[in-house]
Structures are given as structure tokens and as C-alpha cells.
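K.L.:
okay, sequence plus prediction incoming.
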Number of protein chains: 2
Amino acid sequence: MTTENKQEGKPVDIVRRHWLAASAAGAAAGLSGFSPPGLAQGQPKPLPSVASFKKASGMIVHSANGIETRRAAFGSSGITDADLLFLRNNIAAPNAAIVENPDAWKIEIDGVTSPTALTVADLKRMGVTSVAMVLQCSGNGRGFFKHKASGSQWTVGAAGNALWSGVPVRDVVAALGGVREGMRYMTSTGGETLPPGVDARGIVVERSVPWNAMEGAILAWELNGAPLPLAHGGPLRLIIPGYYGVNNIKYVKRLAFTADETQANIQKSGYRVREIGKKGDPTQPSMWEMNLKSFVTHPSEAGETLRAGLVQVRGVAFSGGSPVTGVEISVDGGKTWQAAEFFGPHMGRYAWRQFVAQVNLPAGKYAITSRAIAADGSTQPELRVENERGYAHNGWRDHAVSVTVT
Amino acid sequence: MTTENKQEGKPVDIVRRHWLAASAAGAAAGLSGFSPPGLAQGQPKPLPSVASFKKASGMIVHSANGIETRRAAFGSSGITDADLLFLRNNIAAPNAAIVENPDAWKIEIDGVTSPTALTVADLKRMGVTSVAMVLQCSGNGRGFFKHKASGSQWTVGAAGNALWSGVPVRDVVAALGGVREGMRYMTSTGGETLPPGVDARGIVVERSVPWNAMEGAILAWELNGAPLPLAHGGPLRLIIPGYYGVNNIKYVKRLAFTADETQANIQKSGYRVREIGKKGDPTQPSMWEMNLKSFVTHPSEAGETLRAGLVQVRGVAFSGGSPVTGVEISVDGGKTWQAAEFFGPHMGRYAWRQFVAQVNLPAGKYAITSRAIAADGSTQPELRVENERGYAHNGWRDHAVSVTVT
């Protein structure tokens, strides 16, 4: 078995190194960074048919393939209801017929001692588990970047915490004799219908992650207790706890352990962290493990007016790496901080934790934000790391909410 | 402050004492008890409008006020989706207009040093928490009784595990100066519209529980991350973790600490455990804390045919008293048992735990069931305790599923 490529596996660290260089320049932006981007202007776009079950009032529709949860819609139950969970597809979902008989869906398993094809019915006989995991788009927070990064202008809501249930990938792999010698990646392929006459590599949704990400991964057929809807990858989706959304392949039709990363554009040049103006290439860090992040969910929409007195400042904190151990909140744009408390069930290290801090606010203007602290001592940074596609934004300054108290 | 009335607070123990006497007679029923009652015969009833958002294929509609979750619909994610959660109302829900502006709903708080009326908006400023709790109707499993106990003929599905979020009752009480001297009960009143000209005591949904149940109780405005729907008690519902459903007052309009139990029929004579043929009265145990229970959810419908080979026997286990620490399953109607394992997030002591045991089943007929074990050493009993209204059924024999493997 190969050893883990530590450097490739840690885009977070690379992002942080960039950040140290970028801090001085970025700090000049100051409180002016608190403007709320991405809010629907004028007529709201309708929900696409694949997502018609979503609660429209809780969503911001950027496009037919990009719908985020409003900050105000997150509530305080820890789990994001399927009707409110964000949606992001790289290409259109397959025909809805595939979720009519989910047990018949087939997946090829390769790069193991005994490669085979299995139906979902077969998988259901092999094992079962359930994991609470934050699903987050790599570009969540892109709307806060100032250089017009290409892609949906997400604010905070291209993320949600949900319960995913299915068979552990390691159980399937064990039943098929284990991973073959020399395989360094787990490479998975989505079942989207590709338009004829185009080079499949240019468009196929196929992602490689370090092979040992299989340890926590599951092949999931269920979301929050109900069969996985087409919009979220039903009948079968790969779930890799702690990894950015793009790696959690929908309608997964092939899972292979491979010696090399896939040559698909979405892996080779897409989802690569690089400086503004640069093209993507395989030497740049790939969007794998999520960094340490938190954001306030109440108060919610920037510009909200509150009555003077007690306010329960709530939010969520999560990490794909070292687990979250604490959160601090600030009501003065980061000048002073106070500890928040976690509340509600702790659903595991890849779930988000809910936090609350009770504050007494006299009339005035406030910039309310949060910063998470991880077990390894790291703290959520103040500033975004400028990068071409607006990935991995976890800077607390941009994520603040402006409120007026009267 | 009063001391807890231990005997009144433990219907479970009283039920168990009855059971010791009843065991010998009941055991004669043996495997013939495995018939599946309560399955829809002929034309399924339509969902009532208050529950039109439910997933019809996952529900059994007993009446407009009684809808249970099919055993097969529970899935393996721990949480019961709101679209699948059972529904039980004692009288019809109020007009849906009350959930249009949930923050405006008012509740009177009495029996505290400073009685007052508060809106949901006020409550939201006072504190927030979230709890995973099994909600279960007192009569869940009534369909297994043989004496035609009056009420919905529930099988296993008048129960679900959900996340409830709101303000801790103890925070509200503390803000109002604490519970007044001599108050032994927490008495709550539902906001249903009562028909004119009838004695309110005969119909009002008003329940008393020991006052110190307030410790874990919340006034909830959210279910699984979304605003509490009317069907489940929105805009505001009292949630008392570990207590049977009837105590979790919907559309709660008054919460009072009282010296005595309410004189409402639903408390005085209703929800009292007594021998078959007896009338209810206040000397009998009230349906308060839930007893120790588990049931298999997969395989699911009795009479199912499975392919020989591996089967993942799954289910859920819960308790309102001593927490569940283990589960055993049997595939031969209780002759032999094997340990199951818990899986998925542990959401707290009032949530249910999911269990799984992998079994290899050759062709044949099986009676698959489970029994839970609690921290205090108690074990789920084999048999139901015969009682007039078919309450508190946690006998493992009746809850078994019959399957044929080919």
C-alpha cells in the first residue's frame, strides 16, 4: 500500500501559508468588508424542477444548478432539513427515472482484488452505518471575494449538516479482497448523462482523493432518514466526511482505487487553489479536506434591526481536519471576543457544532461574527486567502453580520 | 419545594409488577402472536389536509387524527424525517393561520414568582437549546393487544426520533423568579379550539407532569431544523424528553406550576394504566415516563421474502428512564439471542439508538425481534402487560417480524 502524500492531502496548510503573505494587504479593507453580497436582487429566480421540493423562502437561487440556504433559514437544530439543503451540480442531474427503483442502481468497484459490479440491493446486504457530515461547496463564501471570481456567488449557505446513511466503503472493499497494491487514490465517477460528441474528460464528474479517505467514506442511499433524492445524488452517493462537496460524487456509478489521479478536467485543472489570474494545474492543491470555519446564523441577514436587550447569538462551527473545540463571538467586528457555548447533540467530528452566546445589546450598530478554535490550537483566520476561484473562504471578517439595534 | 412522588412518577414499575403476574398466562400465546395487525386493508385512507406534506407511501392512515410511520419507512439515519413522523391529535388542530406568524404566538406562564404572558419572539431572546427526543404515543403497539383496546391500532410506528429546538423551560422559569412554593406539577394547556357549549374539562388537552420534569423540558418552535409545522404543534410545543407523546402539549398556550394535577378528563381518567374492563381514575398510574423498548425496522413488513445470505438486521432502542446500553436480536422468535451493535451518532439519552446485527440466513422461516438492555440492568420484557387501553407495550414477542428466506 502506498504512503499518504501529506503535502497533496493538506490544501488547508498551503492556503494558510498564502494567507500569511496576504494578511497585511487584506487588513486594510477593515469593516468595509461587511457588505452582504449574493442576496437576491429584484425578482427571485424560481426553483429548478429537480429542486422543486425545496422551501423557496429559505433558499437563494443563483442558477438551476446552484441554490444556497439563506443564513436566516438554518434554524437551531443542528441538522439541515433536506428541503433547505443547498444544491450544486457541475452538470445537470440524470433523468429522475434512476430514483424510481433505487435498489437496482449499479456501481462498478475496481482497483480491488476482486473487481465487480454491485447493485444498491447488494450493498444493503453488506453493511450499514450513518454519519453526520457537513457538506460544503468549495466555493462557499465566494461572494465575499472582490475580484469577481467565476462561479456561484455563494455567501454562507452553500453548506449544510446532514445525516448520510449507507454502507461503509471499507466493508465493501474488505468483501472484495482489499485494495490492490500500488493504488494511491480513490477515484469515483458520477452517473450524469454526458452530451454526445464531446471529450468526456472535459465534462465528466470524476474525482480522485487520497485512497485512505475510504476509511470514513460511505456509499449512501439515505439523507436525514429518507431515500436520497435525485437532487442530492440519489440513488447512490459517495460521502467522504471532512471533504469538500465536489468529492462526494452523486449518482456514483464507479468507485476505483487507482495508481494516479483521474485526467478529468474537474480534477486536473478544476478545484485547484491558485493565485488570482493563474490557470489551474495538477501541481496546485486540490480541494480535498475542509478547513476550520464557523459563521453566525442568528442574527441573520445583514442590515437586520433588533430590539435592544438580550440577543442569543447563534451559529455553527466545523472542520474537515482537527476537530472544533471552541468558538468565540464578537459583536464589534473583532475588537473584543467572548466565549460561546455549544448546544444540542454532538453528532460526531464531521458534523457541525451549534454555538450560542447571550449578549446584551444597547441601541447601536454591531458587526457580529465568530471564530472557531480547533483541537490542534489553530484558530479560524481573520481574512480570506485571495485565490482565482474563490475557494476555501474561512475568514471571519467577511462572514460577519451587520445589525442595527434600536 | 415539594418532594417527588416516586410512585406516581414511575408507571413503568407498576406496569412491570402487573407483568410478573400476567407472564404465565401470556406465554401460552407463543409464536402465534406474530401476526401483523394494523396494516391497511383494501383502499388506503388519504392523508388529512393538516398532514398533506407527509410522504403517503411511508404512512399508515388510521384516521384524520392518527397516522403512523410504516416500519419499512424508518430508514437508518437515526432521525425521523418530519415528512414521515407519526401524527396523533386528541382533537383537531387549530386553524393554520396560527403558524403564519409564529413569533406572535402567546403563552401564559403561571405558578412562578412573576407570572406573565410571553410571545415566541420573547422566548427566542431568553435562551436556546436543541434536544433529540423520541416522541411516542402512549398506545404505540396497541394493535398487538387481543382485547380490541379502544384507540388507533398502532403497530410500531406511533414513534419517531426528532430534533426539537427552543428555549429551556428552566431558563424561562429562572427569568420569572422561579417556581412558587408548594407547586408539585407542571400543567400545560393546548391551544385547540374547543366546541362551544361543552364542558371544557371533558375535552381540553391539558396535562400535568411532576414539576421537576421541567429540568429537561423545552418550549420548542423547531422540528429537525425547520419551523414546527401545525401538525406537530406549531407555532410552539412543550417537549418533555422521556415522556409519552400526550404530555408534549401542542400549540401550548399556558404553562403553569400547580399544586394539584389538572381536573381535565385527559389527565383524571384518560391515559391511566388499569386492568382490562376497569374505568380510568386518578389513583392509577399516568402515562408519564416511557419504558424501555426496541423494535426491528429491517427486515420490515411481516411476511417479507428475502434472498438467502447476509441480512443486516436493524432497529431502534430507547427509554424514558435508565438509558439503553445494549440490544440483542433473535431470528428464532426468542430461543437464541446475539448481541447487536449500535451505529450512527449518539444524540443523547432521550434519542433512540440505532442497532445492527449481521446474520447469515439460509432458506427457511424466521421470527426476528430485538430486546433492549438498560444501564440499571433491566431488560425489555417478552410479553405485553394486558391493560384496558393498550398502553406502554414494550414486549419483544409481539414486536417481532416474520420473514421467509428463499
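P.N.:
Alright, I've got the coordinates. Predicted model, so just to flag it, every value in this text is computed and none were measured.
K.L.:
so who does the one residue sitting closest to the centre of chain A touch?
P.N.:
With distances taken as CA atoms, centre = their mean, A:Gln136 lies nearest the centre of chain A, 1.1 Å away. Going by CB atoms under 8 Å, 6 or more residues apart in numbering or on different chains, A:Gln136 touches A:158-160, A:244-245, A:290, A:293, A:318. Using the backbone N, CA and C atoms, a C-beta is placed for each residue, glycine as well.
K.L.:
what's the spacing between whichever strand or helix holds A:Val173 and its chain's center?
P.N.:
Using DSSP states H and E, A:Val173 falls within helix A:169-175. Remark: helix A:169-175 is offset 25 Å from the chain centroid, using CA atoms, centre = their mean, to the nearest Å.
K.L.:
what packs against that helix?
P.N.:
In this structure, helix A:169-175 makes packing contacts with helix A:120-126, strand A:218-223, judged by 3 or more CB pairs under 8 Å, 6 or more residues apart in numbering or on different chains; DSSP states H and E.
K.L.:
most neighbours per residue, which of those?
P.N.:
Of the helices and strands packed on helix A:169-175, the one with the most neighbours on average (mean count of other CB atoms under 10 Å in any protein chain shown) is strand A:218-223, at a mean of 27.
K.L.:
neighbouring contacts of that strand?
P.N.:
For strand A:218-223, the external contacting residues (CB under 8 Å, 6+ apart) are A:82, A:85, A:102, A:107, A:120, A:123-124, A:129-131, A:162-169, A:172, A:227-229, A:232-239, A:252, A:255, B:75-77.
K.L.:
now it: mean pLDDT?
P.N.:
Regarding strand A:218-223, the rounded mean pLDDT is 98.
K.L.:
partner strands of it and their direction?
P.N.:
strand A:159-168 (antiparallel), strand A:226-227 (antiparallel), strand A:237-239 (antiparallel) (DSSP bridges).
K.L.:
mind checking which of the ones you listed is nearest A:Asp199?
P.N.:
strand A:237-239 (23.7 Å; CB to CB).
K.L.:
quick one: residues in contact with that closest one.
P.N.:
Surrounding strand A:237-239, the residues in contact under the criterion CB under 8 Å, 6+ apart are A:131, A:133, A:164, A:166, A:169, A:188, A:217-221, A:228, A:247-252, A:255.
K.L.:
buried set for stretch A:53-73?
P.N.:
Within stretch A:53-73, the residues scored as buried using 16 or more other CB atoms under 10 Å in any protein chain shown are A:54-55, A:58-62, A:64-73.
K.L.:
strands - which of the residues you listed land there?
P.N.:
A:59-62, A:66-69 (DSSP state E).
K.L.:
so which of those residues is the closest to chain B?
P.N.:
Distance to chain B across those (CB to the nearest CB) is lowest for A:Thr69, with 10.0 Å.
K.L.:
please report the distance of that closest one from B:Leu176.
P.N.:
According to CB to CB, to the nearest Å, A:Thr69 and B:Leu176 sit 35 Å apart.
K.L.:
quick one on the thing from earlier: and the residue lying closest to the residue nearest to the centre of chain A once chain neighbours are set aside, what does it touch?
P.N.:
In this structure, A:Gln136 finds its nearest non-sequential neighbour in A:Ala159, 3.8 Å apart by CB to CB, 6 or more residues apart in numbering or on different chains. A:Ala159 sits next to A:69, A:86, A:134-137, A:140, A:318 when contact means CB under 8 Å, 6+ apart.
K.L.:
residue numbers of the stretch 201-350 of chain A in contact with chain B?
P.N.:
Counting by CB under 8 Å from any CB of the partner chain, the stretch 201-350 of chain A comes close to chain B at A:222-227, A:309-312, A:314, A:343-348.
K.L.:
what about 7 Å?
P.N.:
Contact residues, the stretch 201-350 of chain A versus chain B (CB under 7 Å from any CB of the partner chain): A:222, A:224-226, A:309-312, A:314, A:343-345, A:347-348.
K.L.:
which stretches of chain A have low pLDDT?
P.N.:
Where chain A drops to pLDDT under 70, the residues are A:1-42.
K.L.:
could I get the ones in strands among the buried residues of stretch A:53-73 as a markdown table with distance to chain B?
P.N.:
Shown next, in a markdown table, are those (distance: CB to the nearest CB, whole Å):
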| residue | distance to chain B |
| --- | --- |
| A:Met59 | 13 |
| A:Ile60 | 17 |
| A:Val61 | 18 |
| A:His62 | 22 |
| A:Gly66 | 21 |
| A:Ile67 | 16 |
| A:Glu68 | 15 |
| A:Thr69 | 10 |
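K.L.:
nearest to B:Pro323 among those residues?
P.N.:
Nearest to B:Pro323 among those is A:Thr69, at 33.7 Å by CB to CB.
K.L.:
so what sits opposite that closest one in the bridge?
P.N.:
Here A:Thr69 shows beta-bridge partners A:Met59, assigned using DSSP bridges.
K.L.:
from A:Gly395, how far off is it?
P.N.:
Taking CB to CB, one finds A:Thr69 at 20 Å from A:Gly395.
K.L.:
ok, now A:Ile107?
P.N.:
38 Å.
K.L.:
with A:Asp332 instead?
P.N.:
Distance, A:Asp332 to A:Gly395, by CB to CB: 17 Å.
K.L.:
in terms of neighbours, single out the busier of those two.
P.N.:
Just comparing A:Asp332 and A:Gly395: by other CB atoms under 10 Å in any protein chain shown the higher neighbour count belongs to A:Gly395, 24 against 14.
K.L.:
and that one, what does it touch?
P.N.:
Residues in contact with A:Gly395, defined by CB atoms under 7 Å, 6 or more residues apart in numbering or on different chains, are A:381-384.
K.L.:
residue of the stretch 101-250 of chain A closest to chain B, please.
P.N.:
Closest point on the stretch 101-250 of chain A to chain B, by CB to the nearest CB, is A:Ser130, at 3.3 Å.
K.L.:
burial measure for the residue lying closest to that residue once chain neighbours are set aside, as a count.
P.N.:
Of all residues not flanking A:Ser130 in the chain, B:Gly344 sits nearest, at 3.3 Å (CB to CB, 6+ apart). A total of 23 residues lie near B:Gly344 under the criterion other CB under 10 Å.
K.L.:
no further questions, thank you.
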